[in-house]
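In: The sequence isn't on hand, but the structure is:
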Ligand SMILES: Cc1ncc(C[n+]2csc(CCOP(=O)(O)OP(=O)(O)O)c2C)c(N)n1
Ligand SMILES: CC(=O)[C@@H](O)[C@H](O)COP(=O)(O)O
Ligand SMILES: [Mg+2]
């Protein structure tokens with residue numbers, strides 16, 4: 001049996017001898033490459049924390065002493081060591097989550113994969129230990145150099161440092177990268193610390209040698225120790241941490257399990273807040289990952305183990321359309337600049353950066369700063385485009401509201417991965433933006449249905465200079481263009497109840513058309529299929545694509561008055577989104593027309609494929625057609641009955 005096969009819990013791990021650990025680490029690396037090659041996932045980050053995670057579970061007593069993972073994408077080894085070695089369903093419905101999941105294990109704590117939160121959790125847990133008389137227990141937080149560029153992390157450090165007797169062990173997993181190399185002053189600082197790697201080992205050797213010297217040894221060491229402080233400050237400017245009141249240990253070779261264990265034991269026994277700075281390498285032990293310049297296999301799909309080549313994704317991505325159009329816009333307008341929050345390639349801004357290196361800003365994982373810095377850029381006469389994943393816009397809601405919109409600054413937010421993404425679980429679905437942004441005055445939201453509208457709407461958005469604009473698009477491949485067959489105000493008609501074409505719909509009761517179907521963004525394809533299904537049943541359906549869903553075109557209300565039923569379909573949480581905005585607009589116009597809103601149920605959704613989640617939510621053409629047929633029929637019968645009741649007796 002392999003060592004890995006015998007390790008079913010941290011207790012099993014603790015029973016291994018130090019010289020068995022390298023073999024175990026090798027077996028874990030083989031396991032990770034083999035399993036993730038089939039399922040896809042965050043291979044690079046996890047290959048980088050093998051020895052580190054082994055050491056953590058040998059030194060600390062999880063879950064009594066929580067081990068928290070910031071962002072959580074690097075927790076596969078933690079799962080392997082805590083009794084979860086069936087990775088066959090990784091990131092798939094019913095299989096292991098790609099992040100910690102409390103339903104999976106008592107050893108898991110943080111499920112939210114939004115970065116830079118772990119230190120705040122640790123601060124809270126340590127305070128709870130203090131209040132509840134558990135001072136002997138440590139709380140451990142593993143945070144990457146990237147996540148450490150997030151503002152929340154520094155808010156937490158400021159508070160952790162204040163708790164001199166709270167056992168908080170902060171393990172900085174420093175591989176020098178988020179996806180790309182980590183940026184900013186902190187990154188430079190960590191880099192300085194990295195280059196003096198082995199400092200601790202040199203000092204330990206000196207200490208051992210000097211202390212062995214009879215009589216003169218110990219006092220000499222004390223003198224040197226004082227010098228060490230000065231020396232450390234000189235060659236290791238980790239004063240940033242120590243000035244915060246945090247003990248700093250490191251830098252440690254994060255792949256030397258014994259060195260890490262030793263540092264962690266020192267940290268645990270210190271009795272107060274300690275930073276253990278571990279130098280690791282993303283993709284360690286698998287050359288295709290180690291040598292992958294873009295992101296060292298941060299996250300990839302299924303791949304060939306021999307070559308490291310991932311199976312190609314089919315179709316053109318929305319990200320690539322955004323990327324192309326941004327390069328064109330950058331050539332046409334020299335006031336356009338772009339901002340990424342440590343996701344240059346994933347958001348498609350790499351081409352823009354290559355073409356206009358002085359007009360691309362990577363602010364680190366710092367969406368709040370990105371939004372307000374963008375307001376500054378706009379005030380300074382530029383038009384910034386801030387590209388983030390839709391779910392991460394939540395992080396800077398107040399900045400969008402107060403720093404951009406209140407000041408009517410022309411900033412465009414490009415929200416990639418909008419709608420259901422699926423694999424990455426509850427905190428990655430882009431199902432919030434169409435709801436939370438409804439309350440922001442002066443802000444416009446455009447939702448393209450296809451590639452042509454993507455290019456059009458991006459250009460329309462960056463042309464707005466008196467307030468923020470938002471463009472949101474999904475993780476899927478771009479479908480075929482859906483041409484308009486007419487216009488209503490600024491909105492595109494994609495199917496018409498009155499046309500002679502597919503629709504054979506009879507006019508509904510009261511001389512009204514049967515159904516107005518408002519399609520938001522890429523749900524247009526589904527809505528057109530619904531209209532065609534209903535037309536085959538003699539129900540007349542007009543499909544309308546608003547293009548801009550905020551503010552709604554007043555013509556929508558006028559158009560809606562011509563229909564018996566209105567329905568809205570969107571790939572966002574239902575609550576407070578476009579459907580509710582349309583219903584409110586009709587109410588405000590005293591139009592008593594039933595409005596059905598279809599979207600994602602307002603729940604935290606388990607990881608699963610996007611298609612499966614949409615089906616579960618009833619957002620398929622079949623389900624929508626069935627529900628809308630029932631609604632239209634029910635309303636028609638009711639109206640007909642009411643009509644006949646009003647007719648004078650013969
Ligand atoms: C608020 C937020 N913004 C962006 C992301 C996307 N993201 C996931 S992992 C990652 C890089 C994290 O870098 P680091 O903390 O150094 O961890 P590593 O992958 O290097 O182990 C980013 C930017 C996120 N999870 N949360
Ligand atoms: C952990 C994290 O936030 C990202 O790595 C995320 O997994 C990216 O997902 P995409 O594959 O959609 O870029
Ligand atoms: Mg990193």
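Out: Yes, it's here. For clarity, every value in this text was computed on a predicted model and none was experimentally measured. Ligands and ions are numbered 1, 2, ... in the order given.
In: Using the three-state scheme, assign residue 165.
Out: Secondary structure state of residue 165, per DSSP: H, G, I helix; E, B strand; the rest coil, is coil.
In: Setting the sequence-adjacent residues aside, check what's closest to it.
Out: Spatial nearest neighbour of residue 165, excluding adjacent residues (Cβ to Cβ, 6 or more residues apart in numbering): residue 272 at 5.7 Å. Where C-beta positions appear, they are placed from N, C-alpha and C, glycine not excepted.
In: Identify the residue spatially nearest to the closest residue to ligand 3 within the stretch 501-650 of the chain, adjacent ones excluded.
Out: Closest residue of the stretch 501-650 of the chain to ligand 3, Cβ to the ion: residue 607 (22.7 Å). Spatial nearest neighbour of residue 607, chain neighbours left out: residue 425 (4.0 Å); criterion: Cβ to Cβ, 6+ apart.
In: how near is the one you found to ligand 3?
Out: Using Cβ to the ion, to the nearest Å, residue 425 is found at 21 Å from ligand 3.
In: check which helix or strand covers whichever residue of the stretch 401-550 of the chain sits closest to ligand 2.
Out: Closest approach between the stretch 401-550 of the chain and ligand 2, counting by Cβ to the nearest ligand atom: residue 424, at 4.7 Å. Per DSSP states H and E, residue 424 falls between elements, in no helix or strand.
In: Who are the contact partners of the residue of the stretch 501-650 of the chain closest to ligand 3?
Out: 91-93, 97-98, 422-426 (Cβ atoms under 8 Å, 6 or more residues apart in numbering).
In: Ligand 1: which of those residues is nearest?
Out: Nearest to ligand 1 out of the contacts of residue 607 is residue 424 (Cβ to the nearest ligand atom; 8.7 Å).
In: was I right about that closest one contacting residue 91?
Out: Yes. Proximity of residue 424 to residue 91 meets the contact threshold set by Cβ atoms under 8 Å, at 7.3 Å.
In: what do those two both touch?
Out: 98, 607.
In: Roughly how far does residue 553 sit from ligand 2?
Out: Computed as Cβ to the nearest ligand atom, to the nearest Å, the residue 553 to ligand 2 distance reads 32 Å.
In: Excluding chain neighbours, what is closest to that residue?
Out: Per Cβ to Cβ, 6+ apart, closest to residue 553 is residue 489, 4.3 Å.
In: show me the contacts for the closest residue to ligand 2 within the stretch 101-250 of the chain.
Out: Going by Cβ to the nearest ligand atom, ligand 2 is nearest to residue 113 of the stretch 101-250 of the chain, at 5.2 Å. For residue 113, the contact set (Cβ under 8 Å, 6+ apart) comprises 71-73, 99, 424-425, 427-428.
In: And residue 406, by the same measure?
Out: Contacts of residue 406 were listed using Cβ under 8 Å, 6+ apart, and they are 441-442.
In: how close does it get to residue 370?
Out: Distance of residue 406 to residue 370, given as Cβ to Cβ, to the nearest Å: 17 Å.
In: Tell me which helix or strand residue 516 sits in.
Out: Per DSSP H and E: strand 513-519 holds residue 516.
In: residues near residue 71, how many?
Out: 27 (other Cβ atoms under 10 Å).
In: Looks like it contacts residue 144 (just checking).
Out: Yes. The criterion here is Cβ under 8 Å, and residue 71 meets it with residue 144 at 6.8 Å.
In: what residues are shared contacts of those two?
Out: With Cβ under 8 Å, 6+ apart as the test, residue 71 and residue 144 both reach residue 115.
In: Low-confidence regions, this structure specifically.
Out: For the chain, the stretches flagged by pLDDT under 70 are 195-238, 499-509, 643, 647, 649-650.
In: Phi and psi next, for the residue in the chain positioned nearest to ligand 3.
Out: Going by Cβ to the ion, ligand 3 is nearest to residue 144 of the chain, at 3.8 Å. Here is the backbone geometry of residue 144 (degrees, to the nearest 10): phi -80, psi 160.
In: do residue 120 as well
Out: Main-chain torsions, residue 120, degrees, to the nearest 10: phi -70, psi -40.
In: Identify the single longest helix in the protein, thanks.
Out: Counting residues, the longest helix found in the chain (DSSP state H) is helix 621-646.
In: and the stretch 201-350 of the chain, which residues reach ligand 2?
Out: Within the stretch 201-350 of the chain, the positions near ligand 2 by Cβ under 6 Å from any ligand atom are 298-299, 346.
In: and if we set it to 8 Å?
Out: Residues of the stretch 201-350 of the chain lying near ligand 2 by Cβ under 8 Å from any ligand atom: 298-299, 343, 346.
In: Repeat that for the chain.
Out: So the chain meets ligand 2 at 42, 71-73, 98-99, 113-115, 179, 298-299, 343, 346, 389, 417, 421, 423-424, 428, 475 (Cβ under 8 Å from any ligand atom).
In: And the helices in the stretch 401-550 of the chain, which stretches?
Out: In the stretch 401-550 of the chain, the helices defined using DSSP state H, counting those that start in this stretch lie at 433-436, 451-462, 523-536.
In: Pull out the buried residues from the longest one.
Out: When burial is assessed from 16 or more other Cβ atoms under 10 Å, helix 523-536 yields the following buried residues: 523-535.
In: Spatially nearest residue to residue 7, not counting backbone neighbours?
Out: Using Cβ to Cβ, 6+ apart, the nearest residue to residue 7 is residue 13, at 5.2 Å.
In: isn't there a helix covering the one you found?
Out: Yes. Secondary structure assignment (three-state DSSP) places residue 13 inside a helix.
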